[in-house]
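Q: the following block contains a protein sequence and its predicted model.
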Amino acid sequence: MTDLPDSDAPVAHPRLAASVILLRDAPDGLEAFVQHRVSTMDFAAGMVVFPGGRVDPADSTGHAYPTDLLESHAGQWRLSSIAEPGPGSATSKAGTVLAAAIREVQEEAGLSLEPDELRPWANWITPVDQPKRFDTYFYIAKPALDAQPRHQTTEAWQSLWMPVEGILAAEAEGRLKLMPPTYHLLREISGFASLEALWHADHEVVPVLAPPGVLGCVPQGTAGPPVGSNRPG
């Protein structure tokens with residue numbers, strides 16, 4: 001059995017990307033800061049997503065994060081592609097992905113995060129049948145209590161805090177659309193009573209290679225396959 005598409009077309013190489021799940025405690029449970037993407041985008045059009053985007057070449061330079069923090073992140077990403085042999089150490093590549101995550105939140109939400117306010121949480125790879133693919137590193141983030149992210153990206157028509165349970169309920173009712181990673185990560189997060197409980201949870205990052213076809217048919221309330229150990233390789 002293979003994950004390769006049934007054609008002679010070349011499989012697109014996934015580009016590194018970073019996405020940040022900004023969270024805060026609210027009286028009725030956790031809230032996430034999400035963006036409602038415009039319908040004209042060539043990727044994830046009309047979807048509700050977290051701030052994030054591609055890793056840029058500039059993300060590999062100009063930052064000086066604490067060595068112990070980068071070593072911790074590299075350890076948490078140990079099953080992912082940045083731990084594979086190649087140019088640069090896993091620690092330096094963990095710094096590059098972290099820099100991309102911090103930059104994207106600044107660019108898309110006007111919020112400056114400190115490196116220790118992000119924790120590696122998940123790694124999803126776009127199915128091999130898609131022409132545009134990403135190897136996306138998801139972080140959970142606990143910004144300062146007075147942090148005020150805002151809407152400032154042209155890729156979305158609105159950005160706002162929403163209850164995690166409310167997002168899931170709206171998806172189940174067909175009132176908004178979620179990418180499979182977004183859906184499963186929110187489902188996972190909804191099981192925690194507070195941001196501190198989530199932040200200190202014993203959690204292993206297991207890369208998920210979504211199966212072919214999953215992005216073409218996402219019925220409400222299911223949004224793709226269950227999260228599992230679908231590590232490519």
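A: Ah, there it is.

Q: in the chain, which helix or strand is least confident?
A: Ranked by mean pLDDT, DSSP states H and E, the weakest helix or strand in the chain is strand 156-163, scoring a mean of 78.

Q: what lines up beside that strand in the sheet?
A: Strand 156-163 pairs in its sheet with strand 29-37 (antiparallel), by DSSP bridges.

Q: who's in contact with the strand it pairs with?
A: For strand 29-37, the external contacting residues (CB atoms under 8 Å, 6 or more residues apart in numbering) are 21-25, 44-51, 108-109, 149, 151, 153, 155-165, 167, 176, 186, 189-190, 192-195, 198. Backbone N, C-alpha and C define where each C-beta goes, glycine included.

Q: after the longest helix anywhere in the chain comes which helix or strand?
A: What stands out as the longest helix in the chain, according to DSSP state H, is helix 90-109. Remark: after helix 90-109, the chain's next helix or strand is strand 118-125, criterion DSSP states H and E.

Q: next, the angle helix 90-109 makes with that next one.
A: Strand 118-125 and helix 90-109 are oriented at 90 degrees to each other (axes from the mean of the first three to the mean of the last three CA atoms, to 10 degrees).

Q: quick one on the thing from earlier: so how far is the longest helix of the chain off the chain centroid?
A: Chain-centre distance of helix 90-109: 12 Å, with CA atoms, centre = their mean, to the nearest Å.

Q: buried set for the next helix or strand after the least confident helix or strand of the chain?
A: As assigned by DSSP H and E, the chain's next helix or strand after strand 156-163 is helix 164-172. Neighbour counts over helix 164-172 (16 or more other CB atoms under 10 Å) mark 164, 167-168, 170-171 as buried.

Q: now stretch 56-68
A: By 16+ other CB under 10 Å, the buried positions in stretch 56-68 come out as 59-60, 65.

Q: which of those sits closest to residue 119?
A: residue 65 (13.7 Å; CB to CB).

Q: so which strand or helix has the closest one?
A: Counting by DSSP H and E, residue 65 is found in no helix or strand.

Q: how near is it to residue 183?
A: 31 Å (CB to CB, to the nearest Å).

Q: and for residue 158?
A: Going from residue 158 to residue 183 by CB to CB gives 19 Å.

Q: out of those two, which sits in the more crowded spot?
A: residue 183 (23 against 11; other CB atoms under 10 Å).

Q: which strand is the longest one in this structure?
A: As assigned by DSSP state E, the longest strand anywhere in the chain is strand 15-26.

Q: that concludes my questions; thank you for your assistance.
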